[in-house]
Every structure is written in C-alpha cells, then in structure tokens.
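Chemist: give me coordinates for this.
(one chain, ligands or ions: 1)
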Amino acid sequence: MKPLSRAVAKAERSQTLALSALARKLYSEGVDVVTLTAGEPDFPTPFHIKEAAKKAIEQNFTTYTHNAGISELRQAIVEKFSRDNDLHFDSSQILVSNGAKHSLYNTLKAICNKGDEIIIPSPYWVSYPQMVALVDAKPVFVQTTEADGFKLTAAQLRRAVTKKTKALLFCTPANPTGSVYSQEEIEALARVVEEADIYVIADEIYEKVIYNGAKHFSMGSIPAVRDHVITVNGVSKAYSMTGWRIGFLGARKDIVAAAEKVQSQITSNASSISQYAALAALMGPEDELRTMAAEFLRRRDFIYRAITSIPGICCHHPQGAFYVFPNVSAYVGRTFGGKRMNSGDDIAQFLLDEEKVVVVPGSGFGSRDHVRISYACSMRELEKAAERLQRGFKKLQ
Ligand SMILES: Cc1ncc(COP(=O)(O)O)c(C=O)c1O
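Modeler: Model (predicted):
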C-alpha cells in the first residue's frame, strides 16, 4: 500500500494530551492518582457566559456564520485589543477560529513557504515545533537560560536570524516557564524584528493569568513593528472556556485574508454557539477573572515553596500562566530499584510509577533537565502532590 504523509509521520502527538488521557484512565481504574498535567483552568465557565450560549441555541443561532466570525464578536475583539493591548484593528483584521491553536496554525499556513525558518525560544510550548513542521517550515530553536529568566534576548534573536527566517514564535506569559517579558525586553526584540524584517506570531493566550503586578505588553502595539506582528489570543485560559474552542487573531489585512482563506477550506467558522458565548465573555464583567488569578497566585506560591524546599531542585519563579518548571537535573544519575534516572523524563516516569503523581516530562518542551507541573488543580490535590513529590525525591536522594 502507498505510504502515508511523511510530514505527519514525523510530527509527534501532544505529550500533554497523552498524559492527561493516561491520568484519566488510571483514575477511572480506581488508582489514587494526582494529575499535574492540566493545561486548563479547573474553574467552571462563568454563569453569564453559559447563559449566553443557551440563549444562542434557543434563538436558533445554530447555522454557519461568516467564516471569520460573527460581526458582533469581531467588533468585541477589536475593542478588547484596543482596551487591553493598545492594538488598533478594524473588524476586517480579525479572524475567529477554533481555539488559539487553530489561529496559530492558520497563521503559519498563511505565511510559510517550504524551508522557511521559524525561530522558537526554548523551552517552548509543545505544539509550536510540530505545527511548524506540519506546514513544511523549519523550527530553529534558541536556548534561553534560567539565569535570563528563560527569556530570549535581543542579541540571541539577532544571532538566530538568517535569510530564511520568516518569523519568531513568541509567547508571553509563557508556557511552560511562566516567564513574562517586560515592555523594555519586548521593545529590544522589536528593534531586531524591524531590522531583520521578519514576522512575529505573538501568542498572548495567558495574558490574563499574570501575578505580582507584572504587566502584559503586546509587541504589536509598537508602531514600528505593528505590521509585522500577528497577535493571537482567545478565551480558553482567561475565561475558563477551553472546551468551547474559540481563539482569535488580529493582524495586517493581507495576513488575515490569507489565514481566513485557509480556514474557509478546512473548517469554516468556529462554532456559532461558542461565538455567542465568547461575545458574552469579552463584553461581560471581569471580576471572576480576578478571582481566578488570585486563586492561581495562592496555588503558585504553595507549590513553588513546596518544590523548592526539596534538596537540589531549583526553579524559575513564574510570573504568569499556571505552571512551574523545576530543574530536576540534580537527580539525573540517581538510581531507584536498580533503574538509573537518565533524564527528567525518567524522573517523571518514576514519579508516576512510585508516587502516582503525573507531571509532564520536560523533553516535549525542549529540556531533559526539567518537568512541568501545572497548578490548575484544587489546593487539596496540590497538598497531596507536594507530599508525594517530597517523598518521591527523598527516595532518589
Ligand atoms: C502557549 C499556548 N498557546 C496556545 C494554546 C491553545 O489554546 P486554545 O485552547 O485556545 O487552542 C495553549 C494551550 O495549552 C498554550 O499553552
């Protein structure tokens, strides 16, 4: 039989989704497993958003919509970008898609030719390199360091740019490190972007999950690079709406038109009902967002203290998103039950086998020295997790 697609064969499945599925399976089999893999808030979607969706069904808003999204939602996104991000679009510059993931893929498909290079600061979100590979472009990783707060510097970006560079994939607040770039750091990167004349795909999905007075800044608000930046955001993380699948982007008209063309032939519009729910989210009160962010802060402080109290573990102090990314390399080389820990991945497996606690191995994010812990779970689960992690690492000492 004829072979299937080489590009797809080379791409990997999402490790995070696979681990979440494994955790669900163990749980359904009655195993007392603590899962720290979730890439989604554990709060219910706010009431007024759910009501808007019910109303949309009752009013029969159940047909195809404009491919780019209903006009009211695109207008609400225009206002959101202007209000929160100092980004000024008209509604023809907005494309609503099936989650920010879809927005990112549509963008890559719209701008990339075979062999184009996309710069990805490492550690990175698991899906970036896979998406880049799926559009036949080439991921170029730039290693950031814990000492630099896992942030790409302007000098590193300058060194990474070649004639083939098409874009920088830029995420702040970042998954998996929780790093948040300051305005000055972003301005320094923007100067290189302008000089090199490359695009920036700015993934701002964690914009609302930010702590300690850190302020989110959008690179697209810098006039000199406004036309270079494609800003991607969505309602998944901010409004606890991961299952509704609404993401969006704002960009230069021709980029949006190209991304919209891709979407028109692949999925058409995002769910009509979810679009009305997203409209209610963007137009509604924000007090529940603040409650969620305050709760995430409490949990971050707890798990950060617990993890850094384990001898040998150091951990970048996250300022946003809902992950900690501890460096467990001090435990590489240790053995347990005759098995040597060769990397963070082995340690993640050991923690699952021995302590029934599921963390995501760092290799999927570009580091074999780390594991990712999500604190998007209840305080009770986190307390249980902390106990198990402390006990687990003790067994390796
Ligand atoms: C950095 C980053 N970007 C984008 C997404 C995708 O979000 P959505 O659920 O809107 O597709 C995620 C989800 O985990 C993420 O972590």
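Chemist: residue of the stretch 251-397 of the chain closest to the ligand, please.
Modeler: Proximity of the stretch 251-397 of the chain to the ligand (CB to the nearest ligand atom) peaks at Ala321, 7.5 Å away. All C-beta atoms are positioned from the backbone trio N, CA, C, and that covers glycine.
Chemist: what are the ranges of the helices in the chain?
Modeler: 6-10, 15-28, 47-58, 71-85, 100-111, 127-134, 154-160, 183-196, 253-266, 272-283, 287-308, 344-355, 379-395 (DSSP state H).
Chemist: point out where the stretch 51-200 of the chain drops to low pLDDT.
Modeler: In the prediction, the stretch 51-200 of the chain carries no residues with pLDDT under 70.
Chemist: alongside the ligand, which residues does it contribute?
Modeler: Gly99, Ala100, Lys101, Trp125, Cys171, Asn175 (CB under 6 Å from any ligand atom).
Chemist: would you mind listing what in the stretch 201-350 of the chain touches the ligand?
Modeler: Residues of the stretch 201-350 of the chain lying near the ligand (CB under 6 Å from any ligand atom): Asp203, Ile205, Gly234, Ser236, Thr242, Gly247.
Chemist: and stretch 115-126, C-alpha only, in PDB?
Modeler: C-alpha atoms of stretch 115-126 as PDB (Å, rounded to 0.1, in the frame of the first residue of the first chain):
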ATOM      1  CA  GLY A 115      12.000  25.600   4.100                       C
ATOM      2  CA  ASP A 116      11.200  28.900   5.800                       C
ATOM      3  CA  GLU A 117      12.700  29.200   9.300                       C
ATOM      4  CA  ILE A 118      10.700  29.900  12.300                       C
ATOM      5  CA  ILE A 119      12.600  30.900  15.400                       C
ATOM      6  CA  ILE A 120      11.300  29.300  18.600                       C
ATOM      7  CA  PRO A 121      12.800  30.300  22.000                       C
ATOM      8  CA  SER A 122      13.300  27.100  24.000                       C
ATOM      9  CA  PRO A 123      11.800  25.800  26.300                       C
ATOM     10  CA  TYR A 124       8.700  26.200  24.200                       C
ATOM     11  CA  TRP A 125       5.100  25.100  24.200                       C
ATOM     12  CA  VAL A 126       4.900  21.500  22.800                       C
END
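Chemist: ok, back up a step: got the residues of the stretch 51-200 of the chain next to the ligand as CSV, with neighbour count columns?
Modeler: Converted to CSV, those look like this (neighbours: other CB atoms under 10 Å):
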residue, neighbour count
Gly99, 22
Ala100, 22
Lys101, 20
Trp125, 26
Cys171, 24
Asn175, 27
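Chemist: any chance of a markdown table for those, columns distance to Lys54?
Modeler: As requested, these are exported to a markdown table (distance: CB to CB, whole Å):
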| residue | distance to Lys54 |
| --- | --- |
| Gly99 | 21 |
| Ala100 | 24 |
| Lys101 | 26 |
| Trp125 | 33 |
| Cys171 | 34 |
| Asn175 | 31 |
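Chemist: what's the most distant pair in those?
Modeler: Gly99 and Cys171 (15.2 Å; CB to CB).
Chemist: now what about stretch 36-51, what contacts it?
Modeler: Residues outside stretch 36-51 that contact it (CB atoms under 8 Å, 6 or more residues apart in numbering): 16, 19-20, 23, 175, 236-237, 239-242, 244, 277, 280-281, 284-285, 288, 292, 295-296, 322, 357-360, 372-378, 385.
Chemist: mind redoing it with 6 Å?
Modeler: 16, 19-20, 240-242, 277, 280-281, 284, 288, 292, 358-360, 373-374, 376-377, 385 (CB atoms under 6 Å, 6 or more residues apart in numbering).
Chemist: and that stretch, how far out from the chain's middle?
Modeler: From the chain centre to the centre of stretch 36-51 is a distance of 16 Å (CA atoms, centre = their mean, to the nearest Å).
Chemist: same question, stretch 386-395
Modeler: Taking mean C-alpha positions (CA atoms, centre = their mean), stretch 386-395 and its chain are 28 Å apart.
Chemist: got the CA positions of it in PDB?
Modeler: The C-alpha coordinates for stretch 386-395 follow below in PDB (Å, rounded to 0.1, in the frame of the first residue of the first chain):
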ATOM      1  CA  ALA A 386       3.500  18.200  47.400                       C
ATOM      2  CA  GLU A 387       3.700  15.400  49.900                       C
ATOM      3  CA  ARG A 388       4.200  12.800  47.200                       C
ATOM      4  CA  LEU A 389       6.800  14.800  45.300                       C
ATOM      5  CA  GLN A 390       8.800  15.400  48.500                       C
ATOM      6  CA  ARG A 391       8.500  11.700  49.400                       C
ATOM      7  CA  GLY A 392       9.400  10.600  45.800                       C
ATOM      8  CA  PHE A 393      12.500  12.800  45.600                       C
ATOM      9  CA  LYS A 394      13.600  11.600  49.000                       C
ATOM     10  CA  LYS A 395      13.700   8.100  47.600                       C
END
